[in-house]
Structures are given as structure tokens and as C-alpha cells.
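> just a sequence and a predicted model for now, questions to come.
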Amino acid sequence: MRKTSPQSNVIVPPLASPASVYVEIAGVGKAYGVGAGKLVALEDINLCLRQGEFVSIVGPSGCGKSTLVKCVAGLEKVTTGVIRIQDQIIEGPPKNLGMVFQRDVLADWRNVLDNVLLVSEFRRRDRRMSENRARELLDLFGLSESLHRYPWELSGGMRQRAAICRALVDDPEFLLMDEPFGALDAMTRDQLNVELQRIWLNSRKTVLFITHGIAEAVFLSDRVVMMSRNPGRVIETIDIDLPRPRHLSIRETSTFGAYVSRVRKLFMSLGILKDE
């Protein structure tokens, strides 16, 4: 039986997942405006994330990846369908969520330690416990000697490490990452891919990761979800069967190359990528 959300008055599809499903995105659409000026950003998105799973979404610019992230984070309301986290319909930002954006959005007037503690302060966490956790994370990400430096004194990679620490300081169960490494150079990006995988293997958080990088998605993920634009929709999901932990050298293997090629060829068949 289909249920109706009392807050949003949208038709809520029935649960279609076992207990291991952490996030359910069911029949989700998102539109802006009305009439002739209406823009449909997302159409009939159906996707489940199992608890502890690392899922990446790839697709061209304008396909609605970031819009979907905002909907999952409770920052935008869906037009149709429903999003659940642990069987609870999302009507606003969930408490157990950590977010990392493409830009680090660090506060220039706060040092690294205080930037990492910012979310904990908003949530009125115990300062001493949060600071101990922050120091552990900063040490783990190689920033223990930069606690009292300010954002303008850091490299781009160091700033993004601090942003990841801020997202993790309250030990969220669910991590949303919207192209967090897109602005970094290739070597720094590779290093952060390895560090993120290590953190995930130790914590087994549920992660939804947005990227333009096909190889990055294959390297990090249990599954890669492919989206097409106009409007944004899921066109295929690929299970990534590669051993963990994954080292950067795995990108030189034929199996890894086959996954990357499969994604690229599908996008080419849709005219999203061109080989010329």
C-alpha cells in the first residue's frame, strides 16, 4: 500500500528494501518553476544505499548530481517521490549526516582546529570530547602541526583535509560528498582518494560520493551510478568487484580499465562523451 507524507502531501512509495538498506530514494523528481518556465532537474530517480556502502554518482555537468545531494541532505524538497534514511522520510537535514563540498568553505577568521569544531558548536556538543576527536582526525590527516594555522596559510589539499575532518568530527553515520576533490591537482587528489578509502574502511560509514571522475569513482566505490541529463535520471548502476584495500597501482590493471571503459563507452553511446 502506498502512503502519504503528512508534511509534504506527496505520494510515498512503499518500502522496497530489507533492513540493511540505509538510504532509499524512491521515484524522486525535482522541478523548478511552473508552466513554460518549468525546469525538470531530476526525473524518477530510484536508488538504494546499503548500510556501510560506498556509492559514487557520475554524470555530465547539469545532470542534477548536486541537486540530488541537496535533496538527500534535506536542503531541497523533492517535487515527487520520497527519500528515506533508516526508514524515516527526510523533511529536513538529518542529525546523523556529515557533508563535504567541492569548496572547503572554511571560515577565514577561525584557525584549523576551530574550523573543524564549528559543526560541533552548532550542535552544542561537549567541547572537550569534540576537541579530542578533532585532534585525532587532524593527526590522521597529517594536520597535527597546523592546528592553529588559518585557512589562508594552507594549501588546497590541506584545506580540503580540514573540511573532511569537520564533516567527520561528530562521527556521522552517513557522509555526503559533493565533488570534494574536483578543484585539486591530480597528485593531491590521488592522495586524498587513498586517505578517504582508509577512513571508510575503518569506519564503514554509508557514503554517497559525487564526482566527474570515472576512474576516481571506480577506485573508491562499491557501486557506480551513472546519470544522464535533460532531465537528470539514472541510466545504469555498476557493481565494482575489486579487492580492498585498493592501491593506486590497481588503476593499471586490466580489470580496473574494463570498468572505466564500460562507463565511458555508455556515456559515448548516449552522446555525452565524444571520441574525436
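On my side now, so go ahead.

> shaky segments in the stretch 51-200 of the chain?
In the prediction, the stretch 51-200 of the chain carries no residues with pLDDT under 70.

> all helices of it, in order?
65-72, 112-116, 118-122, 127-140, 156-168, 186-203 (DSSP state H, counting those that start in this stretch).

> what helix or strand is Val28 on?
Assigned by DSSP states H and E, Val28 belongs to strand 21-32.

> from the contact counts, what lies against that strand?
When contacts are defined as 3 or more C-beta pairs under 8 Å, 6 or more residues apart in numbering; DSSP states H and E, strand 21-32 packs onto strand 39-50, helix 65-72, strand 80-85, strand 206-211. To be clear about C-beta, it is placed using only N, CA and C from the backbone, and glycine gets the same treatment.

> partners of that strand, with directions?
Strand 21-32 sits in its sheet next to strand 39-50 (antiparallel), strand 80-85 (antiparallel), going by DSSP bridges.

> quick one, that strand and helix 65-72 angle?
Strand 21-32 runs at 120 degrees relative to helix 65-72, counting by axes from the mean of the first three to the mean of the last three C-alpha atoms, to 10 degrees.

> disregarding residues adjacent in the polypeptide, which is nearest to Ser61?
Of all residues not flanking Ser61 in the chain, His212 sits nearest, at 7.5 Å (C-beta to C-beta, 6 or more residues apart in numbering).

> looking at it, the one you found is touching Glu179, isn't it?
Yes. With contact defined as C-beta atoms under 8 Å, His212 and Glu179 form a contacting pair (6.7 Å).

> more crowded one of those two?
Neighbour count, other C-beta atoms under 10 Å: between His212 and Glu179, Glu179 has more, with 19 against 13.

> please name the nearest non-neighbouring residue to that one.
Closest residue in space to Glu179, ignoring its immediate chain neighbours: Gln102 at 4.2 Å, by C-beta to C-beta, 6+ apart.

> related to what we said a few turns ago, and the residue nearest to Ser61, what does it touch?
58, 61, 179, 182 (C-beta atoms under 8 Å, 6 or more residues apart in numbering).

> just the buried ones from these?
58, 179, 182 (16 or more other C-beta atoms under 10 Å).

> save those residues as JSON lines, and put in distance to Asp222 too.
JSON lines is the format used below for those (distance: C-beta to C-beta, whole Å):
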{"residue": "Val58", "distance to Asp222": "14"}
{"residue": "Glu179", "distance to Asp222": "19"}
{"residue": "Gly182", "distance to Asp222": "21"}
